[in-house]
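Trainee: my questions concern the predicted model and sequence given below.
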Amino acid sequence: MRHALFRPFSCISLAIRFSLLVFPEISPAASPGWLTAHDTEIKALVARMTLQEKVGQMTQPDLGAMKDLSDIQTLCLGSVLSGGGSDPQSGNTLSDWSNVHQECQNLARKTRLAIPLLYGVDAVHGHNNVLGAVIFPHNIGLGCTRNPALIQEISQITAKEVRATGIQWTFAPCVAVPRDIRWGRTYEGYSEDPAIVASLGRAAVRGLQGDNLAGSQSVVGCAKHFVGDGGTIFGSTRGEGTLDQGDARIDEATLRAVHMAGYPPAIDAGVATIMPSYSSWNGVKCSGNKYLLTDVLKKELGFEGFLISDYNAIDQLVPPTRRQAADLSDSAAGQVRTPDYKKCIEISINAGMDMVMVTERYREFVSLLQELVHENKVPVSRIDDAVTRILRVKFAHGLMGDNPRLMPDKALQAEFGSPFHRSVARKAVSESMVLLKNEGEHLPLKSTIRRIHLTGSGADNLGMQCGGWTIDWQGGQGAITQGGTTILAAVRNAVSPGTTVTCSTEGADEQGADLAIVVVGEEPYAEMEGDRTDLTLNGKDAGTVSAMKAAGLPVIVLVLSGRPLVLGEVAEQADAIVAAWLPGSEGDGIADVLFGKTPFTGKLSFSWPKTMAQIPASRIGKNAPLFPLGFGLTH
Ligand code: GLC
């Protein structure tokens, strides 16, 4: 679909490139053409490949859905992913992940051409699937740091912890620009401001991929989800209160200026893979939109890596009729199977998709795509282009030499979850905290205060600090991983020996305390499970704040959330309010700013609405939000 619009993209792109030049916060981008350096060798290799071998490279099953790992060898599969929660059967430790990766690679190396796999995971805030990994703040908090150099450092550490398991590819950074905070994926976005997303997304790519993608501490990055995933209209998918995977009904100028902003900088930084979005643009699914995937991304923007579909996303390209849906629904998975999977494959591959995250239907995919080629419905030239792009990344990542580095790096394993890695996460936590209110100057707290009482759902809850995409797809409550500090533990670490710190989860009450810290917020969620029609702070948390106020205590409210929440009376009752977002495992970083060890420097990356009537932000108009984008007090 091509709109007869002037092509605003060039000026927007120039503006973004200019802004990135003005803030040379990070090393220069990868040199142009770095991904095509091996094209001569690749051309010769592709010429030797059978159709089965080519299609195998384009197929990505999910570890947990594989009927038999030996299919990697028999079908010459080019990649395997572990989606959220798809852990090794043996367990979730560093060695469990290292072993399963090694097992998959060994099978790939037994194929005729011995082309290694690219194993992909969602390491979106650290190597977050693995017990003991450092869990960094989610992107919404990192957006409040406005610190590209820090985001690059975080991404470098994430890459190291991913490579410690041997795994080479993460589906990050998410460069969505969320425009309606009712969306369950708001926290995966850095900001509602495209310029912040452009700057920090680029930094993340530089950190993950390093100056040399073949380096032992580099991983393949993936900018996602192309394009407009953060601009969908409320209620435009299956259920009423949904945004996720919906339809972005916007003109091309807005799509380019806002939602495409993260892609030119990411491509400029050398991002090797890009993930098209489940969502649609004006009714056309991105995963089947040839204009977007081929004309814009590959031709106009010059992207030379490969496109990886989202999880079963191509299944949505031919929606079932109502009658078919009734017949086809797979009650076990709660999914409605597409009636014409073969047509879905044809549409997506011809649109420009290069590798498909088929998860469990990989055997079917391999045979149907070969049929489509034999029937001349998918040209061999498109297959060869896709395989060339995939091999470009494998060559650039050093996988194709005589002795590719496929074993986990013992030196990196020794650094996994290290104190130094945690110290960087702690710094990121502090810089992501935003001080919204501080009446009576109760902050910074004195470490010699006589007694502090902590309460609220998040006071001693590592899972709530980490949010979704942590150990499990949807995250979890309580002590979900090894290492790290809860807010309660962090406050106890920060006070002097003479101070008493009590917590209601330990049965204490606030009688006799000098001050209360109430940690409120959201239970963990991911993707569509986080779509909400109402973002008002839950009644239990609001009641706890009122109770502490009624007890006559100064009340410090910390908000652990994946987005701004409507605070209602709490905004008045609290003496101090800190937006803590989803800070991850290093709670000490919160205590550092509460006790003045480091100053508050965070600035809101999203405007904070007063009421539900001000959501989405586009509705704010003349009425001022409770706190505007960029707001943040210092001590
Ligand atoms: C998910 C997400 C995507 C993720 C992929 C693999 O559905 O949309 O962000 O990378 O599947 O887990």
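Mentor: Nice, thanks for sending it over. What you see is a predicted model, and the numbers here were worked out from it, not measured in a lab.
Trainee: which residues of this protein lie near the ligand?
Mentor: With CB under 6 Å from any ligand atom as the criterion, the chain comes near the ligand at residues Gly83, Gly84, Asp122, Phe171, Lys224, Asp310, Tyr311, Glu527. In short, each C-beta sits where N, CA and C put it, glycine included.
Trainee: top of those residues by number of neighbours, please.
Mentor: Greatest neighbour count in these, by other CB atoms under 10 Å, goes to Lys224: 27 neighbours.
Trainee: for the residues of the chain next to the ligand, give me JSON lines that also has secondary structure.
Mentor: Shown next, in JSON lines, are the residues of the chain next to the ligand (DSSP: H, G, I helix; E, B strand; the rest coil):
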{"residue": "Gly83", "secondary structure": "coil"}
{"residue": "Gly84", "secondary structure": "coil"}
{"residue": "Asp122", "secondary structure": "coil"}
{"residue": "Phe171", "secondary structure": "coil"}
{"residue": "Lys224", "secondary structure": "strand"}
{"residue": "Asp310", "secondary structure": "coil"}
{"residue": "Tyr311", "secondary structure": "coil"}
{"residue": "Glu527", "secondary structure": "helix"}
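Trainee: so which one of those residues is the model least confident about?
Mentor: In terms of pLDDT, the weakest of these is Gly84, which scores 89.
Trainee: so that residue sits right up against Trp469, yeah?
Mentor: Yes: Gly84 lies in contact with Trp469 (CB atoms under 8 Å); the separation is 6.2 Å.
Trainee: what touches both of these two?
Mentor: Common contact partners of Gly84 and Trp469 (CB atoms under 8 Å, 6 or more residues apart in numbering): Asp122, Ala526.
Trainee: so Leu462 versus Ile135, what's the distance?
Mentor: According to CB to CB, to the nearest Å, Leu462 stands 8 Å off from Ile135.
Trainee: and those two? Which one has more around it.
Mentor: It is Ile135, of Leu462 and Ile135, that has more neighbours when counted by other CB under 10 Å, with 30 against 25.
Trainee: what sits in contact with each of Leu462 and Ile135?
Mentor: Thr481, Gly484, Ser585.
Trainee: out of those residues, which is nearest to the ligand?
Mentor: Closest approach to the ligand among the shared contacts of Leu462 and Ile135 (CB to the nearest ligand atom): Thr481, at 18.5 Å.
Trainee: next, count neighbours for that closest one.
Mentor: 24.
Trainee: next, format the residues of the chain next to the ligand as CSV and append distance to Gln245.
Mentor: Shown next, in CSV, are the residues of the chain next to the ligand (distance: CB to CB, whole Å):
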residue, distance to Gln245
Gly83, 15
Gly84, 15
Asp122, 16
Phe171, 16
Lys224, 13
Asp310, 9
Tyr311, 11
Glu527, 8
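Trainee: could you say which helix or strand holds Ser86?
Mentor: Ser86 belongs to no helix or strand when assigned by DSSP states H and E.
Trainee: relative to Thr93, how far out is the closest residue to it other than its chain neighbours?
Mentor: Distances taken as CB to CB, 6 or more residues apart in numbering place Gly64 nearest to Ser86, at 3.6 Å, with adjacent residues excluded. Counting by CB to CB, the separation of Gly64 from Thr93 is 17 Å.
Trainee: the ligand versus the closest residue in space to Thr294 that isn't next to it in sequence, what's the distance?
Mentor: Of all residues not flanking Thr294 in the chain, Gly352 sits nearest, at 3.8 Å (CB to CB, 6+ apart). Between Gly352 and the ligand the computed distance is 18 Å (CB to the nearest ligand atom, to the nearest Å).
Trainee: can you give me the pLDDT of Gly352?
Mentor: 98.
Trainee: just the terminal-to-terminal distance for stretch 262-279.
Mentor: Length of stretch 262-279, first residue to last, CA to CA, to the nearest Å: 17 Å.
Trainee: how far does it sit from its chain's centre?
Mentor: Distance, stretch centre to chain centre, for stretch 262-279: 13 Å (CA atoms, centre = their mean, to the nearest Å).
Trainee: try stretch 102-110
Mentor: Between the centre of stretch 102-110 and the centre of its chain there are 28 Å (CA atoms, centre = their mean).
Trainee: next one: stretch 625-635
Mentor: Distance of stretch 625-635 from its chain centroid, counting by CA atoms, centre = their mean, is 25 Å.
Trainee: domains in the chain, as residue ranges please.
Mentor: The record assigns the chain these domain ranges, following automatic domain parsing: 35-319+339-399, 419-619.
Trainee: tabulate the ones you listed (TSV), appending distance to Leu406.
Mentor: Output for those, formatted as TSV (distance: least, CB to CB, whole Å):
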stretch	distance to Leu406
domain 35-319+339-399	5
domain 419-619	23
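Trainee: just the residues of the chain next to the ligand now: which is nearest Cys104?
Mentor: For those, the residue nearest Cys104 by CB to CB is Gly83; the value is 14.8 Å.
Trainee: would you confirm that the closest one contacts Tyr311?
Mentor: Yes: between Gly83 and Tyr311 there is a contact under CB under 8 Å: 5.7 Å.
Trainee: which residues do these two both contact?
Mentor: Asp62, Thr359.
Trainee: show me where the stretch 1-150 of the chain has helices.
Mentor: Here the stretch 1-150 of the chain has its helices, by DSSP state H, counting those that start in this stretch, at 9-22, 39-48, 51-57, 71-74, 94-108, 139-143, 148-163.
Trainee: among those, which is the most enclosed?
Mentor: Greatest average neighbour count among the helices of the stretch 1-150 of the chain goes to helix 139-143 (a mean of 29), per mean count of other CB atoms under 10 Å.
Trainee: which residues touch that helix?
Mentor: 124-125, 136, 150-151, 154, 173-174, 186-191, 196-197, 200, 428-429, 432-433, 562-563, 580-583, 602, 605-606.
Trainee: make a PyMOL selection of the buried ones in the residues you listed.
Mentor: Applying 16 or more other CB atoms under 10 Å to these, the buried members can be selected in PyMOL as follows:
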select buried, resi 124+125+136+150+151+154+173+174+186+187+188+189+190+191+196+197+200+428+429+432+433+562+563+580+581+582+583+602+605+606
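Trainee: so which of the contacts of helix 139-143 are in helices?
Mentor: Leu150, Ile151, Ile154, Ile196, Val197, Leu200, Ala428, Val429, Ser432 (DSSP state H).
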